[in-house]
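1. sharing a model that was predicted from the sequence below.
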Amino acid sequence: MANLLFSSGFEGGVSLSAPYNSFSTGAYQDVIGTDAATGYTWPGSLWGGKTSILLLSGGGNLSSVISNTIETVTGHDGNQTRALHLDVNQKVQEVTQDSLWIQPAREPGEFYISEWVKLPANLAQQLGPGGWLAPFGEWKSVDDF
């Protein structure tokens, strides 16, 4: 039987922290607050771990390379909703990325994640010839990088 562990539409009191724990090529950022629609509180603590955003600038100026927001958008059903917008403004190196991490402290076993992803209508034009697009999701563990 499935149990809901966490749910958020980034509604109500949900916002982003300032970047922290900066290092030469990046920093971390948290989604914080309680979602007014679901009652779940960020940062999520799944399997005793933490959720955070890893901002990898690739050595460029972090605020020029990455800009994250929570904004109101038209959702998949045509209604207004709030969304986490992870935005890489420029690719400095191959390692440049902006990803939401789930970092469990113990083996989670089987689980399911569902999400809506909205891409701009002019994505191909924005990417241009030879353009790049970061993956939507990737799984990494101790032994299978």
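-> The structure has been received and is ready for your questions. Numbers count the residues shown, from 1 in each chain.
2. switch to C-alpha atoms for all contacts and neighbour counts from now on
-> OK.
3. now do the same contact list for the closest residue to T41 other than its chain neighbours.
-> Excluding the flanking residues, the one nearest T41 by C-alpha to C-alpha, 6 or more residues apart in numbering is T34, at 4.1 Å. Contact analysis of T34 by C-alpha atoms under 8 Å, 6 or more residues apart in numbering lists 12-14, 40-42.
4. just the buried ones out of those residues, please.
-> For those, a burial check counting by 16 or more other C-alpha atoms under 10 Å picks out 14, 40-42.
5. including pLDDT, distance to L4 and secondary structure, could these go into JSON lines?
-> Below are these laid out as JSON lines (pLDDT from 0 to 100; distance: C-alpha to C-alpha, whole Å; DSSP: H, G, I helix; E, B strand; the rest coil):
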{"residue": "V14", "pLDDT": "96", "distance to L4": "19", "secondary structure": "coil"}
{"residue": "Y40", "pLDDT": "94", "distance to L4": "11", "secondary structure": "coil"}
{"residue": "T41", "pLDDT": "93", "distance to L4": "14", "secondary structure": "strand"}
{"residue": "W42", "pLDDT": "94", "distance to L4": "15", "secondary structure": "strand"}
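6. quick one: which two of those residues are the most distant?
-> V14 and Y40 (9.9 Å; C-alpha to C-alpha).
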